[in-house]
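Engineer: Sequence and predicted structure are below.
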Amino acid sequence: MIINLFGMNTLQYPLLYSIPVMVIALLLSNLNRNSASILLPYWLMGTNAQTSALAHRAGLHLKQCAENGRFLSQSLCVNSWDGKQGTQNEPDVHLIILIHGWLGNPKEMDGLKESLIEQSQIQMENEKENNKAPLVDRVVVHSVRCNNGKTSDGIVAGGQRVAVEINEVIQEIRSRQTLDGKHHPNIRLSIVGNSLGGLYGRFAISEINWTDDANDSQQQQQNKAQVIPHFFVTTATPHLGCGFQQTYLPLPRFIEHPIGNIMLRTGQDLFRLPGRRDIIQEMTFSPTFTTPLSKFHKRMAYANAHGTDFQVPLPTAAFWAPTDSIHTLIENDETDENLIPRGVALTLTTPRQDSFDTTEPKQGTATSEEISKQLDRLGWTKVLIDVRHEMPINLNEPSTLTTDETIKNKQKEWTSKELLQEFDTGRLKSLPIGHMVMVANSKNEFYRNMCKPGIPIMDYLAREIITTAV
């Protein structure tokens, strides 16, 4: 799409286009129910009595995990069939924690929650039809509530609240020695953090009660559920922070300071302002945080490519810097091709290294390059998302919007520097609302309608989380 402003082609005058694009993106990124009622007609926003996003997809048999309990009563469950009770190795509970981002709310990730419930039902029905023992006996999906309206007091405070809530959910499961008459020896834990929620998650795992109370007897410990790290997923999370020119439009350091302070403690953390605890750097190099993160069966980072994410651009979401860190292209099986949505452009992995350098850089503040290489040593799967074709305003030439088949065939190994050159393109060529679209953001009815194109991407993520066996 080419838009004319005052009779002038915006491809020839990109600065004229960039101003309204940035204003619209800022308004959309900060939209919540209260402010939206001022900017949008009431009929677009719905009412407080509006049902959750989960009520919109037909065929889902939703069930509360418990009628009582502080958190399980607010979580959703899918139960397996009863055909394989009494097996020697009883199946686990799969607890999936969803963590919303800055200025978000517990409904923000309802799009993914819906996909997880649907994929769980499909998986369990398939197991029943094939007379297979279930991978898990119950899937519990819980959206954290502790940070609702509290995302401005920093990564540490928010991460600590998330840890407390996760521990309480785990404790509620542990305290129920039987659920529907079945004993659950293990809890398989997956965490999905959106945007700032990914950083909350990285902090929270350092304070999760992974083992039972050491004061319990051996018999008591055998009867308790063990917590097994399964998936740790971030979607558009600023792993490098926002400082040192990690914003959509690179800013001088002296401008980053007032912006960070305006965003209060969270902004100071994200922009890594001096004189304060650099939690971005600490979570990258301290074994307090890297050790539990390394224990997860799989670490995944979803990132928007080609300039479609205003809040969290590609370099910080995929923690890419101009380094020689190797990424290997994953080739999908032919049988999986029909399951890959158009928005999933490429999937790459970094090799996991058994030993980690836990010595913080001696020269004070770590650079983006140092943080990038250190995180890559943990071994990640990085999924590049291309939603340019879903942007309401798009100045890209049609030929550039095709899936990068030529890139897939070009080479199998890439350095971070090469990936940046290939995919960190297209800024100011579309309305950059991919941050919301990718996760099918559902924090209110306006967002849900606007971000529907992200549902297939969330279905794709949910399918991997649910169907991957350890």
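Structural biologist: Alright, I've got the coordinates.

Engineer: Every contact and neighbour count from this point should use C-alpha atoms.
Structural biologist: OK.

Engineer: measure the residue nearest to Lys150 when sequence neighbours are not counted to Thr347 for me?
Structural biologist: Excluding the flanking residues, the one nearest Lys150 by C-alpha to C-alpha, 6 or more residues apart in numbering is Gly158, at 7.5 Å. Separation of Gly158 from Thr347 (C-alpha to C-alpha, to the nearest Å) stands at 30 Å.

Engineer: same deal with Thr308?
Structural biologist: Distance, Thr308 to Thr347, using C-alpha to C-alpha: 18 Å.

Engineer: So for these two, which sits in the more crowded spot?
Structural biologist: Counted by other C-alpha atoms under 10 Å, Thr308 and Thr347 do not tie: Thr308 has more neighbours, with 33 against 20.

Engineer: show me what contacts that one?
Structural biologist: Contacts for Thr308 were tallied using C-alpha atoms under 8 Å, 6 or more residues apart in numbering; they are 386-388, 426-427, 430-435.

Engineer: one step back: just give me the neighbour total for the residue nearest to Lys150.
Structural biologist: Neighbours of Gly158 (other C-alpha under 10 Å): 24.

Engineer: cool, Gln123 as well?
Structural biologist: The local packing of Gln123 (other C-alpha under 10 Å) involves 18 other residues.

Engineer: do Leu249 as well
Structural biologist: Leu249: 12 surrounding residues under other C-alpha under 10 Å.

Engineer: repeat for Leu339
Structural biologist: Counted with other C-alpha under 10 Å, residues neighbouring Leu339 total 12.

Engineer: for the closest residue in space to it that isn't next to it in sequence, helix, strand, or coil?
Structural biologist: In space, and not counting its chain neighbours, Leu339 is closest to Tyr460: 7.3 Å by C-alpha to C-alpha, 6+ apart. Following DSSP: H, G, I helix; E, B strand; the rest coil, we place Tyr460 in the helix state.

Engineer: Tyr460: neighbouring residues, count only.
Structural biologist: Other residues near Tyr460 number 18, with proximity taken as other C-alpha under 10 Å.

Engineer: same question, the one 4 residues further on
Structural biologist: Number of residues near Glu464 (other C-alpha under 10 Å) recorded here: 14.

Engineer: That one: what's it in contact with?
Structural biologist: Contact analysis of Glu464 by C-alpha under 8 Å, 6+ apart lists nothing.

Engineer: before we move on, which element is it in?
Structural biologist: In the assignment (DSSP states H and E), Glu464 maps to helix 455-467.

Engineer: CA atoms of that helix as CSV?
Structural biologist: Below are the C-alpha coordinates for helix 455-467, written out as CSV (Å, rounded to 0.1, in the frame of the first residue of the first chain):
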residue,chain,number,x,y,z
ILE,A,455,-4.2,-16.8,16.3
PRO,A,456,-2.5,-19.2,13.9
ILE,A,457,0.9,-18.2,15.3
MET,A,458,-0.3,-19.0,18.8
ASP,A,459,-1.8,-22.2,17.6
TYR,A,460,1.6,-23.2,16.3
LEU,A,461,3.3,-22.4,19.6
ALA,A,462,0.6,-24.2,21.6
ARG,A,463,1.0,-27.3,19.4
GLU,A,464,4.7,-27.5,20.2
ILE,A,465,4.3,-27.0,23.9
ILE,A,466,1.5,-29.5,24.2
THR,A,467,2.8,-32.3,21.9
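
Engineer: Mind listing what's buried along that helix?
Structural biologist: Of the residues in helix 455-467, 455-463, 465-466 count as buried by neighbour count, 16 or more other C-alpha atoms under 10 Å.

Engineer: quick one: Arg276 is in a strand?
Structural biologist: No - looking at Arg276 with three-state DSSP, it is coil, so not inside a strand.

Engineer: For Val437, list the residues it contacts.
Structural biologist: Val437 makes contact with 387, 450-454 under the criterion C-alpha under 8 Å, 6+ apart.

Engineer: from the residues you listed, which two are the most distant?
Structural biologist: The two members of those with the most space between them (C-alpha to C-alpha) are Val387 and Met450, at 13.0 Å.

Engineer: Give me the more crowded residue out of these two.
Structural biologist: Using other C-alpha under 10 Å, the more surrounded residue of Val387 and Met450 is Val387, with 27 against 16.
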